[in-house]
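[1] Provided below are the primary sequence and the corresponding predicted coordinates.
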Amino acid sequence: MPDDGLGDFRELLSRANSNFEFHLEQELSPHNITPAQLVVVVGIVLGKVRTLTELSAYTGHDTGAMKRLLDRIESKGFIRRERSEKDRRTVALELSEQGRQLYPRIAAATDKINQSLLGNFSSAELVQFRSLLHKLIDNAGL
């Protein structure tokens, strides 16, 4: 079957993501946090994730999987869940003191990976790359 060009694109995207995840995992392991858990911490810090529902929408994963992920992060002491006083059905996600202390270290680790993998991109290429990734995400509806 002839290549429609999409197979090559999927392979390149998959390889780029695998390489990024591998290097990120290596940098994060001394901090006892995984790339998936990092997404939660960063989402909270950036104000994009305040509840389980928002986390599920942010990551594109179901709430059951995200609840299990939150359980693991909370057991490490990086986050806490606080029931809202306004709406007892809502549970807010917050960084713990340990999570706040962790954030600068994991931010430095991600900066190191970004520099390693993207350091030879020009500023214009980085702007275009970011724009194209946002377009891809928007097209996916995530």
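    Looks like it came in fine. Numbers count the residues shown, from 1 in each chain.
[2] Quick check, residue 50 in contact with residue 44.
    Yes: here residue 50 lies in contact with residue 44, judged by Cβ atoms under 8 Å, at a distance of 7.5 Å. To be clear about C-beta, it is placed using only N, CA and C from the backbone, and glycine gets the same treatment.
[3] between these two, what contacts are shared?
    residue 93 (Cβ atoms under 8 Å, 6 or more residues apart in numbering).
[4] Tell me which of those two has more neighbours.
    When residue 50 and residue 44 are compared for neighbours, residue 44 comes out ahead with 23 against 16, by other Cβ atoms under 10 Å.
[5] Would you mark the buried spots in the helix or strand hosting residue 108?
    Following DSSP states H and E, one finds residue 108 within helix 97-118. Residues of helix 97-118 classed as buried by neighbour count (16 or more other Cβ atoms under 10 Å): 99, 102, 103, 106, 109, 110, 113.
[6] tell me the pLDDT at the last one?
    Each residue has a pLDDT score; the one for residue 113 is 93.
[7] Next, the residue nearest the centre of the chain: phi, psi?
    Geometric centre of the chain, nearest residue: residue 39, 2.6 Å, by Cα atoms, centre = their mean. Residue 39 adopts backbone torsions of phi -60, psi -40, taken as degrees, to the nearest 10.
[8] Kindly indicate whether the closest residue to residue 63 other than its chain neighbours is helix, strand or coil.
    Among residues not flanking residue 63 along the chain, residue 56 sits closest, at 4.8 Å (Cβ to Cβ, 6 or more residues apart in numbering). Following DSSP: H, G, I helix; E, B strand; the rest coil, we place residue 56 in the helix state.
[9] got a list of what residue 56 touches?
    So residue 56 contacts 62, 63, 66 (Cβ under 8 Å, 6+ apart).
[10] for the last one, what are its contacts?
    Looking back up the chat, that one is residue 66. Applying Cβ under 8 Å, 6+ apart, the residues near residue 66 are 52, 55, 56, 59.
[11] cutoff 10 Å now
    Applying Cβ atoms under 10 Å, 6 or more residues apart in numbering to residue 66 gives the contacts 36, 40, 49, 52, 53, 54, 55, 56, 57, 58, 59.
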